[in-house]
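1. The amino acid sequence is not available; the structure is as follows:
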């Protein structure tokens, strides 16, 4: 598995482009907010001659989905996410205003495509990711896990030394605690690619993260 990280938009979202030696791949959390940020991602796709099979969202907060419109326009991919977050995605202006206090212009969001749920498998090339439903930061928060490569894409559920906030619409402190307890059961060698900030490992978080 090859992982290319792009740090995008003013909130510093980690957008991941994941592919294997077959040249097939996925985009996780396409949060780019400008044409320039998207061009960097698209140029990498073109330079590596990649075929992107899935546009995945760990959740549907605006900072993680801003770039879905670019990917839909240029790659003809519809965003895939858990439907429990659909209500916040469908009223993006209201969501942004509730978080930052004012509206921010953005391209129209493409309609959601495949609905992801607990236990689904996302396949591309010779790689597969298991879908884990980890509510708490939002009702529909997901993690994507590769047991073969020992990698977890945690979105905003788990951060280095911390976890996602639960005071936004659909958030739940009790739910995120249960989700973190579940992630703590993964192999300690699992590398964690977070939605913001540096990567970490399950062992590191079990030892030092007060929420784990």
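-> Yep, it's here. No experiment lies behind these values; they were computed from the predicted model shown. Numbers count the residues shown, from 1 in each chain.
2. what bits of this structure have low per-residue confidence?
-> For the chain, residues meeting the criterion pLDDT under 70 lie at 97, 100-104.
3. Can you give me the distance of the spatially most central residue of it to residue 39?
-> Geometric centre of the chain, nearest residue: residue 58, 3.4 Å, by CA atoms, centre = their mean. Per CB to CB, to the nearest Å, residue 58 is found 23 Å from residue 39. (Each C-beta comes from the backbone N, C-alpha and C, glycine too.)
4. what comes into contact with the helix of greatest length in the chain?
-> As assigned by DSSP state H, the longest helix anywhere in the chain is helix 35-47. Residues from elsewhere that reach helix 35-47 (CB atoms under 8 Å, 6 or more residues apart in numbering): 4, 6, 8-9, 15, 17, 25, 27, 30, 32, 50, 52, 67, 70-71, 74-75.
5. Identify each buried residue in that helix, please.
-> For helix 35-47, the neighbour count (16 or more other CB atoms under 10 Å) marks 37, 38, 41, 42, 45 as buried.
6. Show me the contacts of helix 35-47 that map onto helices.
-> Using DSSP H, those in helices are 70, 71, 74, 75.
7. so what's the first one closest to, chain neighbours aside?
-> Okay, so that is residue 70. Leaving aside its sequence neighbours, residue 70 sits nearest to residue 38 (CB to CB, 6 or more residues apart in numbering; 4.0 Å).
8. do you know how far that neighbour is from residue 115?
-> 25 Å.
9. do residue 79 as well
-> 11 Å.
10. do the same with residue 18
-> For residue 18, the distance to residue 115 - CB to CB - is 21 Å.
11. gap between the residue nearest to residue 70 and residue 188?
-> 36 Å.
12. Distance of residue 93 relative to residue 76?
-> Residue 93 is 25 Å from residue 76, by CB to CB.
13. now the strands for this structure?
-> 2-8, 13-19, 24-28, 51-56, 79-80, 121-124, 127-133, 142-146, 151-155, 158-159, 162-163, 191-194, 200-201 (DSSP state E).
14. Parallel or antiparallel, list what pairs with the first one.
-> This points to strand 2-8. strand 13-19 (antiparallel) (DSSP bridges).
15. between the strand it pairs with and strand 51-56, what angle do the directions make?
-> 140 degrees (axes from the mean of the first three to the mean of the last three CA atoms, to 10 degrees).
16. And the ones in helices among the contacts of helix 35-47, which of them are buried?
-> Burial by neighbour count, 16+ other CB under 10 Å: within the ones in helices among the contacts of helix 35-47 this picks out 70, 71, 75.
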